[in-house]
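> Let's see this in three dimensions:
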Amino acid sequence: MKLRDLHSETAQRRFQPVKGRRIALYVLLLVAVLFTMVALYTCGGDAGKSKKAPLPPGDRGDTLLVAITHSPMSYYLYGDTIGGLNYDMLRLMAADMGRPIRFIPVLSLEESLDALTARQVDILASLPVTAGMRDKYLFSEDVFLDRQVLVQLNGTDGKPRAASVLDLAGDTVHIEKNSPVRQRLDNLSSEIGAPVTIVPHPDLSDEYLFLKVAGGELRYAVINEKTAARMHLKHPDVNIDTPIGFTQFQAWLTRRRDVALHDSIDSWLTRFKATDRYRQLLDRYSATDTLAQ
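Residues are numbered from 1 along each chain as shown. Below is the predicted model:
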C-alpha cells in the first residue's frame, strides 16, 4: 500500500466516527428542541400556546386544537422564538376568527392522523393533497407547494448511487408511515418493471429519516423537498436532487364531518392568499416554488 493511500485510509477512519458523533448530536438537539416546544406550549397561556394537550372534546369550547410536526414548513424553534409557515398562518387565522388555538406537537404523520381520527385535534397541518386521502378527510385550499425527493448520500466521487428513479429497482426505500408517497413508489415499481421494497416508519418524521440517511443508517429515504432543502444546508454530502413524482398542493386536514370548520378555513385562506402578508410569508420560508422544476 502506498503511503498516500495509507494516509487517506487513516483519514477516512478518523472521519467516520466524527461524522457519526455529529449526526448523533444533531438528533439529540432535535429531541431537545421538541421537548422545549412541548414545555413552551404546556407552560404558556396565550392563544398560540397550549396549556394541556390534548383537551377532551367536550372541554374545548371554541379552542382549535392543531396537530403539527417539527419541520421547517410546519414549526420549529430558533432562539427563543417559534416559527414555521403553517404555525404562523394558523395563528393569524385563529386571531382573525377570534378563536383561541393550541398546537399539539406530534412526532410523526401516523400520530397526527390518529389524533385527528380520534377527535383529539381538529386540524392537521399539513399534508399533500391525494385522491386516497380525500376519501378519508377534508382538505383545505392549498397552503403552499411541495413535492417528494429521494434522499441519499453522495459517493466518494461526489455522485449519488441512484442517478434516477430507475436505479431504485430491487432496492429499499424508507418513508414515513401513511405518507402519500407510498402510492407513487408502488406505481414506480410497476413502471420500471422491478420491485422496490418500501419500509414505512411509524415513529420517524421526515427530519429523522433525513438524519438516518446522513448518518449512514439508511441508504434511501423519500421526504418533502422543502424539509430536505433546509436539512441539506447542514449536511451538504446528502443528495436531494432526484424528485419522486410531481409538485403537489400542501393543505390542512379536517375530519369529513367537520364541514363548517372546513368551510371557515377555506373562506379565510381564500381571502388571506390574496394579501401581501401571505406572499411575504412564502418568501420568508422559501415556499414560493419548488427548488427544481
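> now Y76: how far from F139?
Separation of Y76 from F139 (Cβ to Cβ, to the nearest Å): 24 Å. In short, each C-beta sits where N, CA and C put it, glycine included.
> Lowest-scoring secondary structure element of the chain by mean pLDDT?
The element with the least model confidence among the helices and strands of the chain, by mean pLDDT, DSSP states H and E, is helix 3-43, at a mean of 47.
> would you list every one of the strands in this structure?
Along the chain, the stretches classed as strands by DSSP state E are 64-69, 76-78, 81-83, 101-106, 123-128, 137-139, 144-153, 172-176, 197-201, 221-224, 238-255.
> Now the weakest link among those, please, by mean pLDDT.
Between the strands of the chain, the lowest average pLDDT goes to strand 76-78, which shows a mean of 75.
> residues near the residue lying closest to P180 once chain neighbours are set aside, how many?
In space, not counting the residues next to it along the chain, P180 is nearest to T130; the distance is 4.3 Å by Cβ to Cβ, 6 or more residues apart in numbering. Other residues lying near T130 total 17 when counted by other Cβ atoms under 10 Å.
> thinking again about what came up before, most neighbours per residue, which of the strands of the chain?
strand 221-224 (a mean of 27; mean count of other Cβ atoms under 10 Å).
> Which residues does that one contact?
Strand 221-224 is contacted by residues 71, 73, 146-152, 173-176, 179, 181, 185, 206, 209-210, 212-213, 244 when judged by Cβ atoms under 8 Å, 6 or more residues apart in numbering.
> could you redo the last one with a cut-off of 7 Å?
Here strand 221-224 makes contact (Cβ atoms under 7 Å, 6 or more residues apart in numbering) with 146, 148-151, 173-175, 181, 185, 206, 209-210, 213, 244.
> and which of those residues is nearest to Y285?
Distance to Y285 across the contacts of strand 221-224 (Cβ to Cβ) is lowest for D146, with 11.0 Å.
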